[in-house]
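Student: Next input, structure requested:
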Amino acid sequence: MTTLQSAVRRRRAVAAAGAVSAGLLLLSACDKPTAISTITVGSDSVSSEATCGGEGKALTTEALNECLQDKGIDEIKVDPTETVRFGVDPDIAKNGWTILLNGQPLVESSKKTYQAIPGSVFFNAQYGAQGDSTLVSVKEGEDEATGLWSFRLKKDED
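Tutor: Numbering: from 1, shown residues only. Model prediction:
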């Protein structure tokens, strides 16, 4: 092997090592995705990463209120005669979670990964619902909120 071939191979090895290092650097700069919350109605479901928080740090009241105003959230149609099923990652469940209806607690905090609520509840004025659209959130944390996953439930009259 000539010195020219040896030098070319050495440069290729250095370039390959540099490319791998750059790739690892880019990957380390990516944020870890937050845990997922899912709502299922019949055969339809919608899943979302945290709308706010989800990294284990307590959210301020201002951040929580601002997050509850979020307009760009996932929607799902709900027939009031169907059951709405909520599922959360075990990471959320271990910290306790509560279903909020328009920002107000609908159920007691749970450490299970699944809860089911009758669809009619989400459109009943007795529970704070207004009209044919309801904001439903999953709040992580029993005392302090550390994450919020929000969804809009639209009444399906079909």
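Student: Now do residue 142 against residue 41, distance only.
Tutor: To residue 41, residue 142 is 27 Å away according to CB to CB, to the nearest Å. Glycine gets a C-beta too; all of them are placed from N, C-alpha and C.
Student: Repeat that for residue 109.
Tutor: From residue 109 to residue 41 the distance is 23 Å (CB to CB).
Student: Chain neighbours aside, what residue packs nearest to the spatially most central residue of the chain?
Tutor: Nearest to the geometric centre of the chain sits residue 49, at 2.4 Å (CA atoms, centre = their mean). Closest residue in space to residue 49, ignoring its immediate chain neighbours: residue 34 at 4.6 Å, by CB to CB, 6 or more residues apart in numbering.
Student: hang on, that neighbour packs against residue 57?
Tutor: No: at 11.7 Å, residue 34 does not count as touching residue 57 under the criterion of CB atoms under 8 Å.
Student: Tell me the pLDDT of the residue nearest to the centre of the chain.
Tutor: Model confidence at residue 49, expressed as pLDDT, equals 91.
Student: Could you do residue 6 as well?
Tutor: 61.
Student: Please parse the chain into its domains.
Tutor: 1-30, 37-155 (automatic domain parsing).
Student: just those: most buried one?
Tutor: domain 37-155 (a mean of 17; mean count of other CB atoms under 10 Å).
Student: Now do that domain: distance to the chain's middle.
Tutor: 10 Å (CA atoms, centre = their mean, to the nearest Å).
Student: measure that domain end to end?
Tutor: 20 Å (CA to CA, to the nearest Å).
Student: can you check stretch 122-138 too?
Tutor: OK, stretch 122-138 end separation, CA to CA: 14 Å.
Student: Residue 38 contacts residue 89, doesn't it?
Tutor: No: Residue 38 lies out of contact with residue 89 (CB under 8 Å); the separation is 9.0 Å.
Student: where in this structure is pLDDT low?
Tutor: For the chain, the stretches with pLDDT under 70 are 1-32, 70, 158.
Student: Residue 151: helix or strand, and which one exactly?
Tutor: Residue 151 belongs to strand 147-155 when elements are defined using DSSP states H and E.
Student: which strands and helices sit next to that strand?
Tutor: Here strand 147-155 touches strand 37-41, strand 44-48, strand 52-53, helix 61-67, strand 74-78, strand 133-140, going by 3 or more CB pairs under 8 Å, 6 or more residues apart in numbering; DSSP states H and E.
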